[in-house]
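Undergrad: Using only what follows, build the 3D model:
(one chain, ligands or ions: 1)
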Amino acid sequence: MLGRLARWLRVLGFDTTYGHGVSDASLVRLAGEEGRILLTRDRHLLRELRPAHALEIRQDEPLHQLRDTVTAFALAPPAELFTRCILCNTPLPPALEPATAQALLPPGVRGIPGPVRQCPTCGRVYWHGSHVRRMRAALERALPGWLGHE
Ligand SMILES: [Zn+2]
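TA: Residues are numbered from 1 along each chain as shown. Got it, this is the predicted structure:
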(Lines give C-alpha, C1' and ligand atoms only; values in the text may rest on other atoms or scores of the structure.)
Protein backbone atom coordinates (compact mmCIF):
# COMPACT_ATOMS: atom_id res chain seq x y z
CA MET A 1 0.00 0.00 0.00
CA LEU A 2 3.04 2.27 -0.11
CA GLY A 3 3.76 1.52 -3.77
CA ARG A 4 3.48 5.14 -4.87
CA LEU A 5 5.80 6.29 -2.08
CA ALA A 6 8.29 3.64 -3.25
CA ARG A 7 8.14 5.07 -6.79
CA TRP A 8 8.75 8.60 -5.56
CA LEU A 9 11.76 7.43 -3.54
CA ARG A 10 13.14 5.79 -6.70
CA VAL A 11 12.57 9.00 -8.69
CA LEU A 12 14.87 10.61 -6.12
CA GLY A 13 17.41 7.81 -6.60
CA PHE A 14 16.97 6.05 -3.25
CA ASP A 15 17.43 2.28 -3.27
CA THR A 16 13.90 1.10 -2.48
CA THR A 17 12.34 -2.34 -2.47
CA TYR A 18 8.62 -2.82 -2.14
CA GLY A 19 7.43 -5.78 -0.13
CA HIS A 20 4.14 -6.49 -1.84
CA GLY A 21 2.80 -9.89 -0.87
CA VAL A 22 5.58 -10.58 1.63
CA SER A 23 4.66 -11.62 5.15
CA ASP A 24 5.34 -9.16 7.97
CA ALA A 25 7.96 -11.42 9.53
CA SER A 26 9.80 -11.83 6.20
CA LEU A 27 9.66 -8.10 5.61
CA VAL A 28 11.28 -7.35 8.96
CA ARG A 29 13.90 -10.08 8.44
CA LEU A 30 14.77 -8.88 4.91
CA ALA A 31 15.00 -5.26 6.03
CA GLY A 32 17.46 -6.33 8.74
CA GLU A 33 19.54 -8.50 6.40
CA GLU A 34 19.72 -5.84 3.69
CA GLY A 35 20.29 -2.95 6.10
CA ARG A 36 17.10 -1.21 5.01
CA ILE A 37 14.80 1.17 6.81
CA LEU A 38 11.31 -0.29 6.93
CA LEU A 39 8.54 2.15 5.99
CA THR A 40 5.12 0.90 6.98
CA ARG A 41 1.60 2.02 7.81
CA ASP A 42 1.20 -1.05 10.01
CA ARG A 43 1.39 0.01 13.64
CA HIS A 44 0.76 -3.56 14.73
CA LEU A 45 3.83 -4.76 12.82
CA LEU A 46 6.00 -2.11 14.47
CA ARG A 47 4.75 -2.97 17.93
CA GLU A 48 4.90 -6.74 17.58
CA LEU A 49 8.01 -7.28 15.46
CA ARG A 50 10.10 -4.27 16.45
CA PRO A 51 12.20 -3.79 13.31
CA ALA A 52 15.59 -2.19 14.04
CA HIS A 53 15.15 0.76 11.68
CA ALA A 54 11.63 1.77 10.79
CA LEU A 55 9.29 4.67 10.24
CA GLU A 56 5.54 4.61 10.69
CA ILE A 57 3.89 6.33 7.74
CA ARG A 58 0.82 8.23 8.90
CA GLN A 59 -0.08 10.35 5.85
CA ASP A 60 -2.38 9.17 3.07
CA GLU A 61 -1.01 11.24 0.18
CA PRO A 62 2.15 9.73 -1.38
CA LEU A 63 3.86 13.13 -1.62
CA HIS A 64 3.07 13.88 2.02
CA GLN A 65 4.47 10.46 2.89
CA LEU A 66 7.59 11.36 0.93
CA ARG A 67 7.95 14.67 2.74
CA ASP A 68 7.67 12.95 6.14
CA THR A 69 10.27 10.35 5.10
CA VAL A 70 12.74 12.96 3.83
CA THR A 71 12.27 14.98 7.02
CA ALA A 72 12.48 12.02 9.42
CA PHE A 73 15.83 10.86 8.06
CA ALA A 74 17.14 14.28 6.95
CA LEU A 75 17.68 12.82 3.48
CA ALA A 76 19.97 14.81 1.20
CA PRO A 77 18.51 15.84 -2.16
CA PRO A 78 19.87 13.98 -5.20
CA ALA A 79 22.08 15.78 -7.72
CA GLU A 80 19.78 14.49 -10.44
CA LEU A 81 16.29 12.99 -10.69
CA PHE A 82 15.45 9.75 -12.52
CA THR A 83 18.72 7.89 -12.02
CA ARG A 84 16.93 4.68 -10.95
CA CYS A 85 14.18 2.67 -12.62
CA ILE A 86 10.91 3.51 -10.87
CA LEU A 87 9.46 0.11 -11.75
CA CYS A 88 12.23 -2.26 -10.71
CA ASN A 89 14.77 -0.17 -8.70
CA THR A 90 17.73 -0.83 -11.04
CA PRO A 91 20.22 2.07 -11.30
CA LEU A 92 19.99 3.48 -14.82
CA PRO A 93 23.12 3.42 -17.01
CA PRO A 94 24.41 6.56 -18.78
CA ALA A 95 22.31 8.11 -21.53
CA LEU A 96 22.04 6.22 -24.82
CA GLU A 97 23.65 7.35 -28.05
CA PRO A 98 21.20 9.63 -29.93
CA ALA A 99 20.60 7.18 -32.80
CA THR A 100 19.84 4.30 -30.41
CA ALA A 101 17.69 6.56 -28.23
CA GLN A 102 15.52 7.86 -31.06
CA ALA A 103 14.68 4.33 -32.19
CA LEU A 104 13.36 3.48 -28.70
CA LEU A 105 11.18 6.56 -28.21
CA PRO A 106 7.48 6.63 -29.04
CA PRO A 107 6.86 8.52 -32.32
CA GLY A 108 5.33 11.55 -30.56
CA VAL A 109 8.46 12.38 -28.59
CA ARG A 110 11.23 11.58 -31.11
CA GLY A 111 13.65 14.47 -31.41
CA ILE A 112 13.00 15.62 -27.84
CA PRO A 113 16.14 17.14 -26.25
CA GLY A 114 17.78 15.70 -23.15
CA PRO A 115 19.17 12.32 -22.18
CA VAL A 116 17.35 9.07 -22.91
CA ARG A 117 18.07 6.11 -20.67
CA GLN A 118 16.89 2.53 -20.68
CA CYS A 119 16.59 0.20 -17.71
CA PRO A 120 18.84 -2.82 -18.34
CA THR A 121 16.58 -5.04 -16.22
CA CYS A 122 13.01 -4.33 -17.35
CA GLY A 123 13.59 -2.34 -20.55
CA ARG A 124 11.60 0.73 -19.51
CA VAL A 125 12.75 3.84 -21.43
CA TYR A 126 13.14 7.21 -19.67
CA TRP A 127 13.24 10.59 -21.40
CA HIS A 128 12.81 14.19 -20.29
CA GLY A 129 9.23 14.80 -21.37
CA SER A 130 6.36 16.74 -19.85
CA HIS A 131 5.85 14.01 -17.22
CA VAL A 132 9.32 14.78 -15.84
CA ARG A 133 8.48 18.46 -15.54
CA ARG A 134 5.18 17.64 -13.84
CA MET A 135 6.86 15.28 -11.37
CA ARG A 136 9.57 17.82 -10.61
CA ALA A 137 6.90 20.49 -10.03
CA ALA A 138 5.02 18.12 -7.68
CA LEU A 139 8.26 17.50 -5.74
CA GLU A 140 8.86 21.26 -5.48
CA ARG A 141 5.38 21.70 -4.01
CA ALA A 142 5.82 18.87 -1.53
CA LEU A 143 9.37 19.85 -0.52
CA PRO A 144 9.82 23.57 -1.28
CA GLY A 145 13.47 24.48 -1.90
CA TRP A 146 14.76 21.00 -1.04
CA LEU A 147 15.78 19.96 -4.55
CA GLY A 148 17.65 23.20 -5.24
CA HIS A 149 17.96 24.53 -8.76
CA GLU A 150 18.73 22.63 -11.90
ZN1 LIG B 1 13.50 -1.39 -14.65
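
Undergrad: can we go C-alpha only for contacts and neighbour counts from here?
TA: OK.

Undergrad: Can you give me the distance of the spatially closest residue to residue 111 that is not a sequence neighbour to residue 119?
TA: Spatially, and ignoring its direct neighbours in sequence, residue 111 is nearest to residue 102 (6.9 Å; CA to CA, 6 or more residues apart in numbering). Distance, residue 102 to residue 119, using CA to CA, to the nearest Å: 15 Å.

Undergrad: Show me which of the two is the more surrounded one.
TA: residue 119 (20 against 16; other CA atoms under 10 Å).

Undergrad: Isn't the more buried one up against residue 93?
TA: Yes: counting by CA atoms under 8 Å, residue 119 touches residue 93, with 7.3 Å between them.

Undergrad: Now do the strands in the protein.
TA: Under the criterion DSSP state E, the chain contains strands at 38-40, 54-56, 116-118, 125-127.

Undergrad: Now tabulate those strands in JSON lines and tack on distance to the ion.
TA: Output for the strands of the chain, formatted as JSON lines (distance: least, CA to the ion, whole Å):
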{"stretch": "strand 38-40", "distance to the ion": "22"}
{"stretch": "strand 54-56", "distance to the ion": "26"}
{"stretch": "strand 116-118", "distance to the ion": "8"}
{"stretch": "strand 125-127", "distance to the ion": "9"}
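
Undergrad: Of the ones you listed, flag the one that's most buried.
TA: strand 116-118 (a mean of 22; mean count of other CA atoms under 10 Å).

Undergrad: who does it touch, helix- and strand-wise?
TA: Here strand 116-118 touches strand 125-127, going by 3 or more CA pairs under 8 Å, 6 or more residues apart in numbering; DSSP states H and E.

Undergrad: what pairs with the strand it packs on, and is each one parallel or antiparallel?
TA: strand 116-118 (antiparallel) (DSSP bridges).

Undergrad: I would like the residues contacting the partner strand, please.
TA: 92, 93, 94, 95, 96, 101, 124, 125, 126, 127, 128 (CA atoms under 8 Å, 6 or more residues apart in numbering).

Undergrad: tally of neighbours for the fourth one?
TA: By other CA under 10 Å, the residues close to residue 95 number 15.
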